[in-house]
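In: Okay, here's the prediction I keep looking at, along with the sequence it came from:
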Amino acid sequence: MNQIFKTDQFVKEMRQYLTVILVLSETRWTLNGLEKFSDGYAIAFSGHLFVYHAAVGPLMSQLEHKAMTNWNPVNERIMTAPFVSNRTKMTFIACYAPTNDDDEEEKDAFYNILHSATKDVPKHDILCVVGDLNAKVGADHQYCLEVLGSHGIGEINENDTLLTDYALSNDWILGGLNLLDETDDFDVENSWTSVKSVYRDVVKANLGFKKRKREEWISDETWIYISKRKETRMLILNTSNPEQKAQLQLRYKEEDKAVKRSPGKTKELLSREKQRSQEKLQRKKNRKWFID
């Protein structure tokens, strides 16, 4: 990853798996900065001053790059990056922990700094600590079920204690653990589809979809044309064949004209609908008063 041209490979994979933010744990870039690539993709990175070692940071699409308010390069192993959206604020902590063979002092120093970076994040932000923490949690989770759950493989290493202590101190649950045995047949497509469906279901159940208020003056017929135009737009974005894309673009233009030509509701119709709505509301109030 220490060659800039390799980022094109990551960008290609991100497009294939519809990923908008990819946190990299070992870019091996020096210093810190922000680099922009093709199609608006960018990476904010935090590295060592002189040595090509560690270095972390998020690689993101153009939209997420605009949503990133700022970024804080703590050191070559830790970086924070807050993002803002219409619904909430989110902070990513990109990290790369020392390996199990590194010095104990270096491990303790890493987690002390990680604790401090975590406390600096506003309480109302959604916090995601992402990266390579170089810890094996093992299969025996009886000692820490509230953090690890009941699944896992292999044996724990020394870094496991540091990781679980960090999670316990923040009342967190560890996720994204590697639960695949080395003897299993690993399929990237199936694995990614499974992970993506879990995240989608959780977000749908807890956040739901954003409700958009329709403009009163737009007729039902116009909304049908708008829906068709939107479907065509998505087909254009997801089509790589030049001939099909050209045909879809012509179709999009015709549907766009149909939207603009479609008549809206007149003032008289809006007035009648508003009056009927008020009468209906008044009847509900009267009925409630009668029942009470």
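Out: Structure received. Fair warning: this is a prediction, and the values are worked out from it, not measured in the lab.
In: can I assume Pro98 sits in a helix?
Out: No: under DSSP: H, G, I helix; E, B strand; the rest coil, Pro98 falls outside any helix and is assigned coil.
In: I'd say it and Asp132 touch.
Out: No: the pair Pro98 and Asp132 does not pass the contact test of Cβ atoms under 8 Å, sitting 10.4 Å apart. (Each C-beta comes from the backbone N, C-alpha and C, glycine too.)
In: Which one's more surrounded, these two?
Out: When neighbours are counted by other Cβ atoms under 10 Å, Pro98 and Asp132 differ, and Pro98 comes out ahead with 21 against 17.
In: That one and Trp71, how far apart?
Out: From Pro98 over to Trp71 the distance is 22 Å, taken as Cβ to Cβ, to the nearest Å.
In: And Ala205, by the same measure?
Out: Distance from Ala205 to Trp71, counting by Cβ to Cβ: 31 Å.
In: do the same with Leu114
Out: As for Leu114, its distance to Trp71 is 16 Å (criterion: Cβ to Cβ).
In: mind listing what Asn173 touches?
Out: To be clear, residue 173 is Ile; Asn isn't right here. Neighbouring residues of Ile173 by Cβ atoms under 8 Å, 6 or more residues apart in numbering: Glu146, Val147, Leu148, Gly149, Ala167.
In: how about the strands in the chain?
Out: 21-24, 32-36, 42-46, 57-60, 72-73, 78-84, 89-96, 126-132 (DSSP state E).
In: quick one: strands adjacent to the longest one?
Out: By that I understand strand 89-96. Each strand pairing with strand 89-96, determined using DSSP bridges, is listed with its direction: strand 78-84 (antiparallel), strand 126-132 (parallel).
In: Out of those strands, the one nearest Asn32 is which?
Out: Evaluated with Cβ to Cβ, these place strand 78-84 nearest to Asn32, the distance being 7.8 Å.
In: who's in contact with that closest one?
Out: By Cβ under 8 Å, 6+ apart, strand 78-84 touches 32, 44-46, 56-58, 64, 67-74, 89-96, 110, 113-114, 117, 120-121, 125.
In: Can you tell me which of those are buried?
Out: A residue is treated as buried here by neighbour count (16 or more other Cβ atoms under 10 Å); on that basis the buried members of the contacts of strand 78-84 are 32, 44-46, 56-58, 64, 67-68, 71-74, 89-96, 110, 114, 117, 121.
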